[in-house]
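Undergrad: A structural model of the following input is requested.
(one chain, ligands or ions: 1)
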Amino acid sequence: MAPPGYEASAEDLAKKAAKRSAREAAGEKVGNAEGGPTGLGLVPEAEVLDALRDAVFAPLASETLYDPLTVADLAAPEDDYHRHTPSFSSEAARDVSADVWAEAKRVRQAAPAGATSEIRIHTVTCDEHGCDEEASRYGVLVKIEVAPGLTLHREYSVE
Ligand SMILES: [Zn+2]
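TA: You can find the predicted model right below:
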């Protein structure tokens, strides 16, 4: 359950952030919090966005965030002299197992109203010197437009 006042404050934060990014997009030099001077203990934009994201995605707070793949996800090279040269890719997943589908559905159902989601597959490969190690992981990317021009997203792990 959202605490009382959640709706109003999230909406307020969204408006502020949208206004700010519109001004930044217009090339305006934006100071801290509504153009005020910095150093007065006002909240920087990144923190405002983080707080907003936490508020908006609160219904999914118990879900595990997607953990990006790294070269360490590849199995150790068979050849002692080979060092992996990883390349990474991400795309919409087309064929998923029933388990992944069920997990993604669960996340989707818990997502805030108005959110959209997509199951993605992330892959890391190495194909240097005959190596063909590959590892992949699924995630479900949840997006929500909180104000015109301001879309927030978070990706959750699905196994
Ligand atoms: Zn390799």
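Undergrad: What parts of this protein come near the ion?
TA: With Cβ under 5 Å from the ion as the criterion, the chain meets the ion at residues His84, Cys126, Cys131. Bear in mind the C-beta positions are built from the backbone N, C-alpha and C, glycine included.
Undergrad: tell me the contacts of the first one?
TA: When the contact criterion is Cβ atoms under 8 Å, 6 or more residues apart in numbering, the partners of His84 are Val71, Leu74, Pro77, Cys126, Glu128, Cys131, Glu133.
Undergrad: where does the chain dip in pLDDT?
TA: Within the chain, the segments meeting pLDDT under 70 span 1-41.
Undergrad: which stretches of it form strands?
TA: Under the criterion DSSP state E, strands of the chain are mapped to 87-92, 116-125, 134-147, 150-158.
Undergrad: got the residue ranges for the helices in the chain?
TA: In the chain, the helices defined using DSSP state H lie at 6-25, 32-35, 45-56, 98-110.
Undergrad: Which segments of the protein make up each domain?
TA: Taking automatic domain parsing as the reference, the chain has its domains at 10-56, 63-158.
Undergrad: Enumerate the beta-bridge partners assigned to Arg125.
TA: Arg isn't right for residue 125; it's Thr. Ser87, Glu134 (DSSP bridges).
Undergrad: that older thread, would TSV of the strands of the chain with mean neighbour count be doable?
TA: TSV is the format used below for the strands of the chain (neighbours: other Cβ atoms under 10 Å):
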stretch	mean neighbour count
strand 87-92	12
strand 116-125	18
strand 134-147	19
strand 150-158	19
